[in-house]
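**Q** I need the structure of the sequence given here:
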Amino acid sequence: MTIDSVIPNANNVNFSAWQSALPLAGTQTVAPSENYASPTSFASTLRSRTISSGSVDLDTVFDAAGQKYNISPNLLKAVAKVESNFRADVTSKVGAMGIMQLMPGTAKYLGVDDPYNAEQSIMGGAKYLREQLDRFDGDVELALAAYNAGWPAVIKHGGIPPFRETQAYVPKVLSYMGGGEITAGMLTYDGFDMAGRISETSTKSSSFNFNEALAQMLFIKLIEMQMSTSGDSKNTVL
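**A** As a prediction, this is how the structure comes out:
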């Protein structure tokens, strides 16, 4: 990986401008829905914005997803609360990713290009939950069980599968959903990861350390310069 793949046009980067732009730091039923659509490409939209745009209102995204797929936003938030506690950067031990904890194969099936992207994850999770609600005639408990354990397991066992995780998952989501309106809050974008993608962190996270990020960038640039002068034609750093 070259420095230009990490920091495009690194020689022309105005780090002072970057610094000034960074922010401190019972069975219920649901009516069926038609016309599924792929989640919007939030990643491309985000990359076209300046860092100073800063944040995404998750509640607004959940409301939009609920309206699009005819699902209670509070149900979607309850799922996200249990799955990730509204963190966009988490990965489970089995590989589930993002706010709605989509597995790689499920994300691909849903058309989610970046499972760690808040809007794509929420829209993708809503689409998948809608499919399960339609599959099980609006039965929320079975739909949640299918979201957690997979719909084949629900069909195989004729109800909520006897898996410890799923047996605890369904009532926990329902408890959150029935406990009053859930607030997901804001998700802030506070820096760059080493792939050059804007990092997503909760507003509860500590403030972005610009000096540390800048030091990392300059360190990579220094290494590449040294490799270039030593005649290393591969020009790889990482």
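
**Q** Helices of this structure, residue ranges please.
**A** Remark: helices assigned in the chain by DSSP state H are 3-6, 15-21, 42-47, 58-69, 73-84, 104-110, 118-135, 140-149, 151-157, 164-177, 210-229.

**Q** tell me the domain ranges of this structure?
**A** Domains of the chain are assigned by automatic domain parsing as 1-22+208-232, 42-186.

**Q** Quick check: which ranges of the chain have low pLDDT?
**A** 1-54, 189-238 (pLDDT under 70).

**Q** if we go to 90?
**A** The model of the chain has pLDDT under 90 over residues 1-56, 188-238.

**Q** if I look at the nearest residue to Leu58 once chain neighbours are set aside, how far off is Gly105?
**A** Leaving aside its sequence neighbours, Leu58 sits nearest to Ala184 (Cβ to Cβ, 6 or more residues apart in numbering; 3.7 Å). All C-beta spots, glycine's among them, are computed from the backbone N, C-alpha and C. From Ala184 across to Gly105, the span is 26 Å (Cβ to Cβ, to the nearest Å).

**Q** neighbour-wise, which of those two wins?
**A** Set Ala184 next to Gly105 and count neighbours by other Cβ atoms under 10 Å: Ala184 wins out with 23 against 9.

**Q** Look at Asp139 and say how many residues are nearby.
**A** Using other Cβ under 10 Å, Asp139 has 19 neighbouring residues.

**Q** That one and Gln132: what is the separation?
**A** In terms of Cβ to Cβ, Asp139 sits 9 Å off from Gln132.

**Q** so Ala96 sits right up against Tyr116, yeah?
**A** No: if you go by Cβ atoms under 8 Å, Ala96 and Tyr116 don't touch, sitting 11.3 Å apart.

**Q** neighbours around Val92, how many?
**A** Just to correct that, residue 92 is Ser rather than Val. Quick note: Ser92 (other Cβ under 10 Å) scores 11 neighbours.

**Q** mind checking the backbone torsions on the closest residue in space to it that isn't next to it in sequence?
**A** Leaving aside its sequence neighbours, Ser92 sits nearest to Gln101 (Cβ to Cβ, 6+ apart; 6.1 Å). Backbone torsions of Gln101, given as degrees, to the nearest 10, read phi 50, psi 60.

**Q** Thought Asn85 was touching Gln101, still the case?
**A** No: applying Cβ under 8 Å, one finds Gln101 not in contact with Asn85, separated by 10.6 Å.

**Q** Could you check which of the two is surrounded by more residues?
**A** Legend: neighbour count by other Cβ under 10 Å for Gln101 and Asn85, higher for Gln101 (24 against 12).

**Q** how about the nearest residue to Ala65, chain neighbours excluded?
**A** Sequence neighbours aside, Ala126 is the residue nearest to Ala65 in space, at 3.8 Å (criterion: Cβ to Cβ, 6+ apart).

**Q** Against Val90, how distant is that neighbour?
**A** Separation of Ala126 from Val90 (Cβ to Cβ): 18 Å.
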